[in-house]
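Participant: Next come a sequence and a model predicted from it.
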Amino acid sequence: MAQTVFAPWTDPAQKPIIEFRNVTKTFGDFTAIHDLSLNIYEREFFALLGPSGCGKTTMMRMLAGFETATSGDIFLSGKDIGHVPPNQRPVNMMFQSYALFPHLSVWDNIAFGLRRESKDKNFIGDRVEEMLRLTRLTKFARRKPHQISGGQRQRVALARSLAKAPKLLLLDEPLGALDRKLREQTQFELMDIQEKTGTTFVIVTHDQEEAMTVASRIAVMDEGNLVQVATPAEIYEAPNSVYVADFIGDVNIIEGRATQPGTKIGIAWAEGQPPILATPAKSVEAGQSLHFAIRPEKVTIDTERPDRPNTFRGKVIDIAYLGNISTYHVELAGGQMIKAQMVNARRLANRHITWEDEVWVGFTDTAGVVLEE
Amino acid sequence: MRRFVLIAIPYVWLLALFLVPFLIVLKISLSDIALARPPYTPQLDFAAGWEGLKSFFSELDFENFTFLTTDDLYWKAYLSSLKIAAISTFLTLLVGYPVAYAMARAPEEWRPTLLMLVILPFWTSFLIRVYSWMGILSNEGVLNQVLLWLGIIDTPLHIMNTTTAVYIGVVYTYLPFMILPIYSALEKLDGSLLEAAEDLGCSRLEAFWLVTWPLSRNGIIAGCFLVFIPTIGEFVIPSLLGGSDTLMIGKVLWEEFFSNRDWPVASAVAVVLLLILIIPIILFQRNEQKQREAEG
Ligand SMILES: Nc1ncnc2c1ncn2[C@@H]1O[C@H](COP(=O)(O)OP(=O)(O)OP(=O)(O)O)[C@@H](O)[C@H]1O
Ligand SMILES: [Mg+2]
């Protein structure tokens, strides 16, 4: 079966379902969203990632219609929705605080939105039962929100927002209160729902692993700005800034200066040490100060000098054992620390590198990214 | 032991201040009127011993209660009190709910001030406030003068000494008791619930009806009882503002006591009033308890 890659954002003929055009949002003299432009396409699973207070919820609230942009426009399916009230938008939102109706049972909470638009009792009943099954809440249907656990409440909020099968679903940290296992299950269920219904999802999360798992694209935000919008793999492998590299996953950042410009450059990073050989995405000038970012799992650690383009001598300072992998903290010459990650193929007792060992770390000349700021 | 004492204190208090007076009133209601001081017989005579006690109880009867049924003044007064209390409660709710709603929606820094303004009238004596309504409502009163001056009316409105004046007095006096519980329910209401309702397709009005109203219901019920219960037995307002046609049981009670000096019949009126009030009081407490359970 020929499967085309889902990447509408690369196709200029595609019309986005959501379009932010130079949107700014201020609260008093505080700018929460700063001149932001963004396209989200139909059937996307779009994740907003960023530290607390960077404006993720504000973006969602503008899409749902609870906040109006101070300047700029927001389009939904090509229509300016600036002045469309929330109840007339084909958008549903799952609130960060859940916002369940305390006077209604779980069942009635889920049925609330359906009752607003349909009079057909059977249809509503079937739909609610389906949602209850999906979120495994069937047993709790008759309870009030204050009679169930935090995780169950979160699932009710999720079920309620899913029930109307909206064109666009906004999920503000939908899975934060669930335990790991249930979270993973729900993530796959969300992806499944999305596959089946073709709904476009915008999800806010603090959990980068979650974003990596579910998202078609991730937007990394910082203080009301978009820093990078790209697929999870691109964000991880080719972050466009130290901020993104640092925010997503574990990373080694080494500061240095470009020596030999060209397609392969050298980065002088410490006195009397051989430069790091790296492949920049853009050409750089000699003497320009740079950051070199490399993921720990791309750094190898050996007792003998390996045959790799970059090899440096160092001393093991610390070993973090994480079960399936171990992270070695190695001090290089000049005090530069570097983390190297190894899969624990052998049992703990058989490992031959321990604390204070002199070792060689190595990586290829394409393993890391060269960042300008 | 200390625990026991701590628990006993409120019970002793209740016993001394509620149960004992009630028993005394009950006893008087079973007695007969007499030209004496106090104006009823029999008196409990401990000196007579066992015989005295026996004759004391044999003289108590339900005569006064039967008397209440023979004169239709009494049941008319009870019914009229219930009606006036019910209508006043409804009017107070009508005025109080929007006020409480506006207070709960006001900017947070204003709320303590608004709350103060609601409570402020309590700092003046209730009696003085009712008297000042006489100054407002009477034919030469402030209200009529202003309306005449504005040219809205040609002849003074006759409000004073009518049931309308009683309604105005009751709504004014008991308004804080309506506003405060509703305000406290509305203030707790999480604004994101209304957003969620709108998000799910409600208009503003539907969101109010489906979310705000049911969530303030406990406050409404509490407020209604707090107005309804004291209004039934209200005496000062109908006798100062009401007319001769304003029939309220509190006024009848007062007249029995002080004009007729018929303590036994007055006590019987009071006992029946209490029995009538017990039903709403029990309902009120049930509501409070349910609310506490829902919150707990
Ligand atoms: N109504 C408001 N009035 C004033 N400031 C606000 C208001 N709403 C949000 N802000 C500010 O805007 C900024 C962005 O808030 P937002 O809720 O979008 O953050 P967030 O990215 O969702 O954070 P979190 O991950 O903690 O939920 C914050 O600094 C917040 O204090
Ligand atoms: Mg948020």
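Facilitator: The structure has been received and is ready for your questions. Residues are numbered from 1 along each chain as shown, chains lettered A, B, ... in the order given. Ligands and ions are numbered 1, 2, ... in the order given.
Participant: How much space separates the closest residue to A:T364 other than its chain neighbours from chain B?
Facilitator: In space, and not counting its chain neighbours, A:T364 is closest to A:P309: 5.6 Å by Cβ to Cβ, 6 or more residues apart in numbering or on different chains. All C-beta spots, glycine's among them, are computed from the backbone N, C-alpha and C. Applying Cβ to the nearest Cβ, to the nearest Å, the value for A:P309 to chain B is 55 Å.
Participant: Show me where the stretch 101-250 of chain B dips below the pLDDT cut-off.
Facilitator: For the stretch 101-250 of chain B, no stretch is flagged by pLDDT under 70.
Participant: Could you do the stretch 101-250 of chain A as well?
Facilitator: Within the stretch 101-250 of chain A, no range satisfies pLDDT under 70.
Participant: At which residues are the helices of it located?
Facilitator: In the stretch 101-250 of chain A, the helices defined using DSSP state H, counting those that start in this stretch lie at A:106-117, A:121-134, A:150-163, A:180-197, A:208-214, A:232-237, A:242-247.
Participant: Save those as a markdown table, and put in mean neighbour count and distance to chain B too.
Facilitator: Output for those, formatted as a markdown table (neighbours: other Cβ atoms under 10 Å in any protein chain shown; distance: least, Cβ to the nearest Cβ, whole Å):
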| stretch | mean neighbour count | distance to chain B |
| --- | --- | --- |
| helix A:106-117 | 21 | 3 |
| helix A:121-134 | 16 | 13 |
| helix A:150-163 | 23 | 7 |
| helix A:180-197 | 15 | 17 |
| helix A:208-214 | 20 | 22 |
| helix A:232-237 | 17 | 29 |
| helix A:242-247 | 20 | 28 |
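Participant: list the contacts for the residue nearest to A:T364?
Facilitator: Contact analysis of A:P309 by Cβ atoms under 8 Å, 6 or more residues apart in numbering or on different chains lists A:L277, A:F363, A:T364, A:D365.
Participant: now that we have those residues, which one has the most neighbours?
Facilitator: A:F363 (24 neighbours; other Cβ atoms under 10 Å in any protein chain shown).
Participant: Isn't that one up against A:F312?
Facilitator: No: counting by Cβ atoms under 8 Å, A:F363 does not reach A:F312; the two are 9.2 Å apart.
Participant: about what we covered before: need the phi and psi values for the residue nearest to A:T364.
Facilitator: A:P309 adopts backbone torsions of phi -60, psi -30, taken as degrees, to the nearest 10.
Participant: Distance-wise, check it relative to ligand 1.
Facilitator: A:P309 is 40 Å from ligand 1, where distance means Cβ to the nearest ligand atom, to the nearest Å.
Participant: residues in contact with the residue in the stretch 151-296 of chain B that ligand 1 sits nearest to?
Facilitator: The minimum distance from the stretch 151-296 of chain B to ligand 1, using Cβ to the nearest ligand atom, falls at B:G191 (10.5 Å). Contacts for B:G191 (Cβ under 8 Å, 6+ apart) come out as none.
Participant: what's the helix or strand for A:R305?
Facilitator: For A:R305, there is no helix or strand it lies in under DSSP states H and E.
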